[in-house]
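Peer 1: Quick one, what's the 3D model for this:
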Amino acid sequence: MDPIICDNYVMNLEQDRLRGIAVGAVVGDALGMPLEFHPARPIYDLQTEMTAGPLPAGSFTDDTEMALSLAESLLAHTPLDPDDLVQRFVVWYQSNPPDVGIHTSRVLGLIAEGVTWQEASRMAQEEEPENASNGSLMRAWPVAIARWQQREQLIEESRLQSLVTHTHPDCVGACVLLNLILYELVHRPSETPPDAALREAITVATDKAKIAEDFRLLVELAGVRSRETLANTGWVRHTVECALWAVLTTRSFEEALVQAVNLGEDADTTGSVAGAIAGALYGLEAIPRRWKDALRGEFPLGSGNIWSAIDLINLANKLAGLSTTH
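Peer 2: Residues are numbered from 1 along each chain as shown. Got it, this is the predicted structure:
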């Protein structure tokens with residue numbers, strides 16, 4: 001193969017995967033929205049379409065709203081400025097979103113009252129020392145796109161965006177791990193199996209983020225778990241485990257997302273994390289058109305600005321420094 005053609009093919013593949021992360025994460029959020037807080041659906045009656053729930057069919061939730069705030073901050077500042085990021089989160093919080101995580105609400109409420117983000121996140125963690133919720137993981141994917149060519153900066157900013165609200169080591173470690181998985185999948189040669197990318201991400205995250213041994217074991221075994229043994233709660237470990245299980249035990253973007261969201265309970269967040277991973281694995285073109293066409297959501301809240309799949313593609317282009325044509 002001509003080297004120039006080969007180089008173009010690799011770049012196009014990487015671009016498709018980067019765009020797949022953004023659209024995949026939001027599709028997973030919207031697909032899981034109506035299933036949140038419900039028990040797992042029986043395997044013979046899985047939901048496969050965008051349907052209405054607390055929000056209209058195809059709508060994204062706070063998971064995506066916070067991720068878009070992070071994306072805007074990344075576009076405004078290099079390296080990521082935590083003070084700018086927190087102020088964007090507070091503006092979002094004060095716009096009365098229909099859903100805000102308990103821990104996130106506590107931290108942002110304190111910051112809105114004048115407490116520094118460092119003190120607010122520390123206070124909230126000390127009030128519930130064992131709290132390791134998934135509120136920083138659900139929004140972490142824009143860092144993976146923005147820093148797709150800068151692994152060390154990706155690690156640092158994945159950690160930093162978590163620390164402004166979620167300081168538990170599992171929360172920080174999960175954000176680093178997820179974005180390293182996305183990094184490895186984006187750069188993965190087509191012939192390399194995805195579990196090789198997972199192994200490399202685990203190795204680096206264990207070293208850089210000091211992931212606990214039992215957390216590492218949970219991640220390594222996710223692909224061999226049975227559906228009946230999974231607990232899809234708001235605990236960050238469960239979210240990572242369920243999302244990886246959904247991707248590793250299926251063979252397409254659609255199948256992975258259907259399996260992820262039908263676990264119920266925290267379906268939108270697991271759907272979003274699984275969508276980001278599956279998007280990086282299979283690319284934008286593998287995401288079903290009917291899901292992309294149904295996607296919608298207002299951001300900023302109250303602005304009347306309605307986002308669609310093409311807006312998310314353009315966002316990925318800007319974050320990654322890609323051509324805006326697609």
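Peer 1: which residues does Met50 contact?
Peer 2: 30-31, 57-58, 290-291, 294-295 (C-beta atoms under 8 Å, 6 or more residues apart in numbering). C-beta coordinates here come from the backbone N, C-alpha and C atoms, glycine included.
Peer 1: now Ala197
Peer 2: Counted by C-beta under 8 Å, 6+ apart, Ala197 has contacts 181, 184-185, 188.
Peer 1: Can I get the buried part of those residues as one PyMOL selection?
Peer 2: Buried members of these, defined by 16 or more other C-beta atoms under 10 Å, are picked up in PyMOL with:
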select buried, resi 181+184+185+188
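Peer 1: now Gly297, what's its secondary structure?
Peer 2: strand (DSSP: H, G, I helix; E, B strand; the rest coil).
Peer 1: Okay, and the residue lying closest to Ala57 once chain neighbours are set aside sits in which element?
Peer 2: Excluding its sequence neighbours, the residue lying closest to Ala57 (C-beta to C-beta, 6 or more residues apart in numbering) is Met50, at 4.7 Å. Using DSSP states H and E, Met50 sits in no helix or strand.
Peer 1: rewinding a little: which among the contacts of Met50 end up buried?
Peer 2: Buried among the contacts of Met50 by 16+ other C-beta under 10 Å: 30-31, 57-58, 291, 294-295.
Peer 1: Looking at these, spot the one nearest Leu177.
Peer 2: Leu31 (22.9 Å; C-beta to C-beta).
Peer 1: And the closest one, how far from Thr269?
Peer 2: Distance from Leu31 to Thr269, counting by C-beta to C-beta, to the nearest Å: 12 Å.
Peer 1: Nearest spatial neighbour of His77, chain-adjacent residues omitted?
Peer 2: Nearest residue to His77, sequence neighbours excluded (C-beta to C-beta, 6+ apart): Asp84, at 5.5 Å.
Peer 1: Could you look up the SS state of that neighbour?
Peer 2: Per three-state DSSP, Asp84 ends up helix.
Peer 1: give me phi/psi at Asp293?
Peer 2: phi -70, psi -30 (degrees, to the nearest 10).
Peer 1: for Tyr183, that is, sorry about that
Peer 2: Dihedral pair for Tyr183: phi -60, psi -50, per degrees, to the nearest 10.
Peer 1: Report all helices and strands that whichever helix or strand Val26 is part of contacts.
Peer 2: Element membership for Val26, per DSSP H and E: helix 3-32. In terms of contacts (3 or more C-beta pairs under 8 Å, 6 or more residues apart in numbering; DSSP states H and E), helix 3-32 is packed against helix 62-76, helix 141-146, helix 169-186, helix 253-261, helix 267-282, helix 289-294, helix 309-320.
Peer 1: So for Arg19, which of the ones you listed sits nearest?
Peer 2: helix 309-320 (4.6 Å).
Peer 1: still on that earlier bit, would TSV of the contacts of Met50 with pLDDT and distance to Leu217 be doable?
Peer 2: As requested, these are exported to TSV (pLDDT from 0 to 100; distance: C-beta to C-beta, whole Å):
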residue	pLDDT	distance to Leu217
Ala30	98	32
Leu31	98	29
Ala57	98	39
Gly58	98	37
Arg290	98	38
Trp291	98	33
Ala294	97	38
Leu295	97	36
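Peer 1: would a markdown table of those residues with distance to Ser73 be doable?
Peer 2: Formatted as a markdown table, these follow (distance: C-beta to C-beta, whole Å):
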| residue | distance to Ser73 |
| --- | --- |
| Ala30 | 23 |
| Leu31 | 26 |
| Ala57 | 30 |
| Gly58 | 26 |
| Arg290 | 32 |
| Trp291 | 27 |
| Ala294 | 28 |
| Leu295 | 23 |
